[in-house]
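Colleague: Structure for the following, please:
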Amino acid sequence: MLLQKIHKLFEEILTCCKRKGYAIPPKFNRFELDDGELSQFTNKRQEYTEILKLIYGYGHGNTTEHDLVIGNLMRQALEAFATFQYKYKKGIEDVSTDPDILALLPEPAYQSYYENLMYRLVLHVSSHKEEQIKAMKDYEFFGLISEAEKKRTAKEVLCFIYLLNKRHVLQNLQGIRNAETTLDAWCNEVKARAAMP
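Modeller: Numbers count the residues shown, from 1 in each chain. Got it, this is the predicted structure:
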């Protein structure tokens, strides 16, 4: 708790210095001791932003580093968004089937697509491997869902959140070049799939 207060204090000092236009604004680095290793401190408020950036990078094809956990990250992002935005305390299945939330999507094609989308199964399968991982008897379960399907799902999950709250997603993806253009293109791909028989 004390560390969070100190962290907040330094953030306020930096903000104040930026407003006053200091020629060389002060900086501070945050580190934490984690399992005997010194690592960059991640503020829990920023964890959600980092997850959205990882999902974006994965969907964009920039990385396969998180291939084994991407479903879990997408599930976390969707649940966090629903909780922040709608005080929703339900699972991912409920978020995309709730008529009140679906009604917020800009077009009926999106509403129908997301209501019927199978991404819930992809995320469910990908994020509930605990028993198999503990047993480590079957290494082949990681290959049940193709990388292409995971990338498509990453794009669709981000588009779902983006279509519901564009500004929210863009603020969390600040610093990523052409994020808005890319997300618009992904949403158009979703719309094209929604129009397919």
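Colleague: Residue 32 versus the most centrally placed residue in the chain, what's the distance?
Modeller: Taking Cα atoms, centre = their mean as the criterion, residue 52 is the residue nearest the geometric centre of the chain, at 2.8 Å. Distance, residue 52 to residue 32, using Cβ to Cβ, to the nearest Å: 22 Å. Heads up, the C-betas are built off the backbone N, CA and C, glycines and all.
Colleague: same deal with residue 95?
Modeller: The separation that residue 95 has from residue 32, given Cβ to Cβ, amounts to 32 Å.
Colleague: For the two, work out which one has more neighbours and name it.
Modeller: residue 95 (23 against 11; other Cβ atoms under 10 Å).
Colleague: Surely that one and residue 83 touch.
Modeller: No: Residue 95 lies out of contact with residue 83 (Cβ atoms under 8 Å); the separation is 9.5 Å.
Colleague: Which of the helices and strands in the protein ranks last by mean pLDDT?
Modeller: Within the chain, confidence by mean pLDDT, DSSP states H and E is lowest for helix 130-135 among all helices and strands, at a mean of 44.
Colleague: So residue 33 belongs to a helix, correct?
Modeller: No: under DSSP: H, G, I helix; E, B strand; the rest coil, residue 33 falls outside any helix and is assigned strand.
Colleague: May I have the secondary structure class of the residue lying farthest from the centre of the chain?
Modeller: Largest separation from the mean C-alpha position in the chain: residue 23, at 35.5 Å (Cα atoms, centre = their mean). Put simply, residue 23 is coil when judged by three-state DSSP.
Colleague: The one 3 residues further on too?
Modeller: Under three-state DSSP, residue 26 falls in the coil class.
Colleague: what number of residues lie near the residue nearest to it when sequence neighbours are not counted?
Modeller: Closest residue to residue 26 apart from its sequence neighbours, by Cβ to Cβ, 6 or more residues apart in numbering: residue 17 at 5.7 Å. By other Cβ under 10 Å, 14 other residues sit near residue 17.
Colleague: What separation is there between residue 17 and residue 186?
Modeller: 38 Å.
Colleague: cool, residue 112 as well?
Modeller: 18 Å.
Colleague: And those two? Which one has more around it.
Modeller: Taking other Cβ under 10 Å, residue 112 and residue 186 do not tie; residue 186 has more neighbours (20 against 13).
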